[in-house]
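Undergrad: Below: sequence and its predicted model.
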Amino acid sequence: MKWTYKLDRFETYRWIDRDLVPGTPVLVISKENLMTGETTYELSTIHAESGFPANMDSADKCFHGWRGTTNDIRVEAHGVYKVKLREVFPEYLKVTLSHKDIKDGED
């Protein structure tokens with residue numbers, strides 16, 4: 001579940017998974033390669049309810065902030081947003097997310 005392109009801060013993404021429908025809550029997760037500077041993004045339906053686990057303690061879950069760094073990959077959680085629009089194209093799925101973080105202040 002990774003975005004292949006990001007247009008605007010957590011607004012519109014191209015995503016390769018085709019199972020999302022409007023109204024689905026997703027946790028936005030970034031993974032930054034500290035060696036190359038490249039960042040990829042993931043939408044997680046699994047962690048939208050309970051938060052993303054820290055790499056050193058899987059019981060420590062939250063919706064925002066740094067979750068750990070392993071093998072030069074820095075993982076950060078950016079909040080939970082609802083899928084607003086889903087557009088299917090031959091090579092990808094374009095997903096638009098709501099502007100409001102529905103878990104803002106919950107950590």
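TA: That came through, no problem. Numbers count the residues shown, from 1 in each chain.

Undergrad: Which residue is the nearest non-sequential neighbour of residue 72?
TA: Leaving aside its sequence neighbours, residue 72 sits nearest to residue 34 (CB to CB, 6 or more residues apart in numbering; 4.5 Å). All C-beta atoms are positioned from the backbone trio N, CA, C, and that covers glycine.

Undergrad: OK, contacts around that neighbour?
TA: Listed by CB atoms under 8 Å, 6 or more residues apart in numbering, the contact set of residue 34 reads 69, 72-74.

Undergrad: show me where this protein has strands.
TA: 3-8, 12-15, 25-33, 39-44, 52-53, 61-62, 64-70, 73-88, 93-97 (DSSP state E).

Undergrad: Just send the ones you listed back as TSV, with distance to residue 107 and mean neighbour count too.
TA: Formatted as TSV, the strands of the chain follow (distance: least, CB to CB, whole Å; neighbours: other CB atoms under 10 Å):
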stretch	distance to residue 107	mean neighbour count
strand 3-8	23	14
strand 12-15	23	19
strand 25-33	12	19
strand 39-44	16	17
strand 52-53	11	22
strand 61-62	4	17
strand 64-70	5	15
strand 73-88	9	17
strand 93-97	19	20
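
Undergrad: can you redo these as TSV with distance to residue 104?
TA: Putting the strands of the chain into TSV (distance: least, CB to CB, whole Å) gives the following:
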stretch	distance to residue 104
strand 3-8	18
strand 12-15	20
strand 25-33	12
strand 39-44	17
strand 52-53	15
strand 61-62	12
strand 64-70	8
strand 73-88	6
strand 93-97	14
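
Undergrad: Turn these into a markdown table, including mean pLDDT and distance to residue 105.
TA: Output for these, formatted as a markdown table (pLDDT from 0 to 100; distance: least, CB to CB, whole Å):
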| stretch | mean pLDDT | distance to residue 105 |
| --- | --- | --- |
| strand 3-8 | 39 | 23 |
| strand 12-15 | 53 | 24 |
| strand 25-33 | 92 | 15 |
| strand 39-44 | 85 | 20 |
| strand 52-53 | 96 | 17 |
| strand 61-62 | 96 | 12 |
| strand 64-70 | 96 | 9 |
| strand 73-88 | 90 | 10 |
| strand 93-97 | 81 | 18 |
